[in-house]
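Novice: Sequence plus predicted model, see below.
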Amino acid sequence: MFGEKGGRGDAREGMTLISEDAFFHGALVVKGSLRIEGAFEGDISDAVDVEVGAKGRVVGNLAAETVVVAGEVTGDIVAARSLEILPGGRVTGDIRTPKLKIDEGAFYEGACSMSSDEDKPRRRRSRAEPDAAQSADTVA
């Protein structure tokens, strides 16, 4: 959680901070970790960890490995590993993550998809390639 060093020590070394008095508008590509205590308007991508502090406000889409929300996010979130909404945290938007934790006292409104990479289709088949399941159904 906040302030704890996770299993990825290298991600903490590259921490980017948007402080409480700061306002950011635009797209941000983060190659490490990001902590938002101020206001952020725009999209965030490629981050390892994104932490939205209790006073942090995000209007835009987030894409990261892990996301922890103690403040407010209005937009879609894609978390490759996990998403946690802490007490007092608010998320309004669609989320996609294999692991979701919503603490008591948190708020969430939107659609949720909890699929892992293994559930995603490997590739689309062309119309010329018959699907094995369809072929079995047709024969039966």
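Specialist: The structure has been received and is ready for your questions.

Novice: how many neighbours does the residue nearest to residue 112 when sequence neighbours are not counted have?
Specialist: Spatial nearest neighbour of residue 112, excluding adjacent residues (Cβ to Cβ, 6 or more residues apart in numbering): residue 95 at 5.2 Å. From N, CA and C alone the C-beta is placed, and that goes for glycine too. In terms of burial, residue 95 registers 22 neighbours under the definition other Cβ atoms under 10 Å.

Novice: Can you tell me who residue 95 pairs with across the strands?
Specialist: Counting by DSSP bridges, residue 95 forms beta bridges with residue 77, residue 112.

Novice: Tell me the confidence at it?
Specialist: Reading off the confidence values, residue 95 has pLDDT 97.

Novice: Could you pull up the residues touching it?
Specialist: 76-79, 83, 108, 110-113 (Cβ atoms under 8 Å, 6 or more residues apart in numbering).

Novice: Out of these, flag the one nearest to residue 37.
Specialist: Of all the contacts of residue 95, the one sitting nearest residue 37 is residue 77; the distance, using Cβ to Cβ, is 18.1 Å.

Novice: Check which helices and strands the helix or strand containing residue 24 is in contact with.
Specialist: With elements delineated by DSSP states H and E, residue 24 resides in strand 23-25, which encompasses its position. Packing contacts for strand 23-25, counted by 3 or more Cβ pairs under 8 Å, 6 or more residues apart in numbering; DSSP states H and E, involve strand 39-41.

Novice: No more questions from me, cheers.
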